[in-house]
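# Predicted coordinates and the sequence they were generated for:
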Amino acid sequence: MADREQDTGDLDRQDAPQSPEGYLAAGLEALEANDPLRAVELLEAGLAAAPEDLGLRYHLGMACKEAGRPKQAMRHARELLEKDPAHREAALLVAELLQEAGFLEQAGTLLGRFVDRNPEDAVACQRLADTLRDAGHLDGALECYQRALQIDGDLADALHGRAGLLAGQGAIHHAEADYRRLLELDPGRIDARIELANLRRRFVPQWHFPMLNDTERNEAFEQAIRRAVQPDHLVLDVGCGTGLLSMMAARAGAAQVVACDVVEPIARTAEEIIEQNGFTEKIQVVPGHSTLLRVGKHLPRRADILVAEVVDAALLGEGIISVVRHARAHLLTPEARVIPAGATMVAMLVDSPLLFNENRVGTVSGFDLSRFNRFSHPASFQKRLSHYPHTPLCDPFEVFTFDFNGCPPRQQARRFHVPILRAGRCHAVVFWFTLRVDDQATIDTGPDNTTSCWMQAVQLLDGGLVAAGEALGIGVRHTECNILFERLPVTPG
């Protein structure tokens with residue numbers, strides 16, 4: 001307090017500003033030095049000397065805002081608007097103060113009137129859009145962002161605001177374009193850089209990177225592709241990602257490769273990667289789902305080989321059954337080979353409280369939280385079993401076998417009576433697969449393979465007790481993309 005009183009006294013020194021302009025310059029310098037209280041004192045002194053100076057009054061309002069004095073800031077801004085109703089900065093300041101105070105509708109009304117009077121003011125349109133967005137009027141906000149960007153296509157805050165709205169509405173590709181343009185204009189926008197990374201993570205999950213760096217997977221697929229490809233072959237690569245397997249096929253001597261990926265930014269990036277590696281003449285990338293491909297439009301004829309590495313930890317989650325069935329019917333020659341050629345799914349029952357707690361909750365700190373289990377997902381999730389203490393309750397058993405060179409069934413159901421080897425609680429079924437890439441190459445994704453990009457799939461059961469020597473009833477069924485295990489009730493007799 002003593003220091004501040006000394007600062008106030010400094011205004012009376014001989015070197016204090018001698019004119020309103022001097023007070024304004026000194027006040028702005030104090031604001032630049034991050035000393036808003038000093039700026040307020042200087043600007044108040046200047047305004048006392050020149051009460052009609054609109055510039056002093058506006059900057060005093062700004063200084064009061066920065067100094068944490070919103071009521072004083074609002075008073076000065078409103079007085080300025082009374083003297084000059086068309087004062088742009090004052091209108092924006094009043095709207096900002098109203099918005100920060102939670103009076104969003106009033107801020108929107110004020111900005112709306114200002115924009116009506118100044119329809120070519122891009123910043124005002126953007127600020128109105130911000131206010132409408134915060135008030136929950138998303139359609140109106142998007143319209144105002146569009147209007148601002150029609151006036152000034154490089155208005156950074158409008159690009160940022162529109163990108164956030166588009167991302168929230170699921171227009172991911174358009175949102176990405178806005179973020180990219182914003183970062184071209186201002187590479188230092190950390191908020192936009194992180195939001196773009198988060199957006200890309202939604203359609204390019206992090207698991208792509210360990211998959212691409214999985215040497216076992218890459219070598220097995222390349223060997224199978226080399227054994228299959230002939231010089232006159234047309235290869236179709238579904239779910240091409242980076243284009244890695246497409247480039248392997250081209251390097252193996254395929255006459256032509258048509259690749260597709262349902263995620264447009266991935267497909268466009270694959271095109272860049274393919275061009276960078278010198279395979280543009282042999283590989284064509286089509287953004288979109290393989291079901292949209294047409295012979296005669298996207299493919300010159302039916303393909304001789306289908307490469308479809310659309311396999312997740314649970315084998316079926318990326319839709320390999322539907323991809324193969326559709327391609328067999330519409331895109332492949334009758335004798336076409338599929339890589340991978342097939343897979344066998346294997347399961348094991350385990351006792352693992354820690355694994356169970358990954359998707360269930362019970363009593364915590366003496367409180368019953370079990371109702372939260374309504375949000376527990378019934379499907380499987382992926383974990384590396386070796387990272388969790390567990391007790392196998394049975395030997396691994398085969399569940400389903402799939403032949404991708406045939407026509408894999410859309411759905412199947414089976415029942416098992418699984419011999420229990422050890423007593424415990426049946427917390428989960430852990431399952432994995434052996435992928436038959438071709439007749440000579442396989443990849444086992446079981447718990448012993450601790451380096452595979454594919455972890456194990458885990459689906460929780462009821463955690464009920466089981467006894468050694470009993471045969472536990474387990475049912476399992478799959479659709480084209482999902483698989484579900486269940487513990488069967490004990491039948492009398």
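Nice, thanks for sending it over.
# could you say what helices and strands the strand ranked longest in the chain packs with?
Identified as the longest strand of the chain according to DSSP state E is strand 424-436. For strand 424-436, the elements it packs on are strand 342-351, helix 353-356, strand 442-444, strand 456-466, strand 483-487, judged by 3 or more CB pairs under 8 Å, 6 or more residues apart in numbering; DSSP states H and E. Glycine gets a C-beta too; all of them are placed from N, C-alpha and C.
# Check which residues of the longest one are buried.
Applying a neighbour-count criterion of 16 or more other CB atoms under 10 Å, the buried positions in strand 456-466 are 456-461, 463, 466.
# any idea which of the residues you listed is the one closest to Glu309?
Closest approach between these and Glu309, by CB to CB: Ala457, at 17.1 Å.
# Beta-bridge partners for the closest one, please?
For Ala457, the beta-bridge partners are Gln382, Phe431 (DSSP bridges).
# residues contacting it?
Listed by CB atoms under 8 Å, 6 or more residues apart in numbering, the contact partners of Ala457 are 313-315, 380-382, 430-432, 483.
# Try it again at 10 Å.
For Ala457, the contact set (CB atoms under 10 Å, 6 or more residues apart in numbering) comprises 312-317, 345, 347, 379-383, 385, 428-433, 445, 483, 485.
# Can I get the buried part of those residues as one ChimeraX selection?
To isolate the buried ones among the contacts of Ala457 in ChimeraX, judged by 16+ other CB under 10 Å, type:
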select :312,313,314,315,316,317,345,347,380,381,383,385,428,429,430,431,432,433,445,483,485
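# mind checking pLDDT for the most centrally placed residue in the chain?
Nearest to the mean C-alpha position of the chain, by CA atoms, centre = their mean, lies Arg202 at 2.0 Å. Per-residue pLDDT puts Arg202 at 83.
# now it: how far from Ala101?
Counting by CB to CB, to the nearest Å, the gap from Arg202 to Ala101 is 34 Å.
# Please tell me how far Ala124 sits from Arg57.
For Ala124, the distance to Arg57 - CB to CB - is 20 Å.
# do Asp35 as well
20 Å.
# With Thr450 instead?
To Arg57, Thr450 is 69 Å away according to CB to CB.
# neighbour count winner among those two?
Using other CB atoms under 10 Å, the more surrounded residue of Thr450 and Arg57 is Arg57, with 23 against 11.
# dump the residue contacts of the more buried one.
Neighbouring residues of Arg57 by CB under 10 Å, 6+ apart: 43, 46-47, 50-51, 75-77, 79-80, 83-84, 87, 90.
# could you point out where the stretch 1-150 of the chain is predicted with low confidence?
Where the stretch 1-150 of the chain drops to pLDDT under 70, the residues are 1-16.
# Start from the N-terminal end of it and give the helices.
Assigned by DSSP state H, counting those that start in this stretch, the helices in the stretch 1-150 of the chain fall at 2-10, 20-32, 36-49, 54-66, 70-83, 88-100, 104-117, 122-134, 138-151.
# would CSV of those with distance to Thr479 be doable?
Formatted as CSV, those follow (distance: least, CB to CB, whole Å):
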stretch, distance to Thr479
helix 2-10, 72
helix 20-32, 63
helix 36-49, 62
helix 54-66, 58
helix 70-83, 58
helix 88-100, 49
helix 104-117, 46
helix 122-134, 39
helix 138-151, 35
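# nearest to Arg325, of those?
helix 138-151 (39.6 Å).
# Give me the angle between that closest one and helix 104-117.
Helix 138-151 and helix 104-117 are oriented at 30 degrees to each other (axes from the mean of the first three to the mean of the last three CA atoms, to 10 degrees).
# where exactly do the helices run in the stretch 251-400 of the chain?
When assigned using DSSP H, counting those that start in this stretch, the helices of the stretch 251-400 of the chain occupy the ranges 264-276, 320-330, 353-356.
# Identify the bridge partners of the residue nearest to Ser290 when sequence neighbours are not counted.
Take Ser290 and drop its neighbours on the chain: the residue closest to it by CB to CB, 6 or more residues apart in numbering is Val238, 4.5 Å away. Listed by DSSP bridges, the beta-bridge partners for Val238 are Cys260.
# shouldn't Val238 be in contact with Val257?
No - applying CB atoms under 10 Å as the test, Val238 and Val257 come out as separate, 11.4 Å apart.
# and Ala141, how many residues sit next to it?
Ala141: 24 surrounding residues under other CB under 10 Å.
# Okay, it and Leu24: tell me how far apart.
Distance from Ala141 to Leu24, by CB to CB: 36 Å.
# Show me this protein divided up by domain.
With domains defined by automatic domain parsing, the chain comprises 1-84, 208-307, 342-487.
# what sits against Met248?
Neighbouring residues of Met248 by CB under 10 Å, 6+ apart: 218, 221-226, 229, 235, 237, 254, 257, 307.
# Pull out the buried members of these.
Neighbour counting with 16+ other CB under 10 Å marks 218, 221-225, 229, 235, 237, 254, 257, 307 as buried within these.
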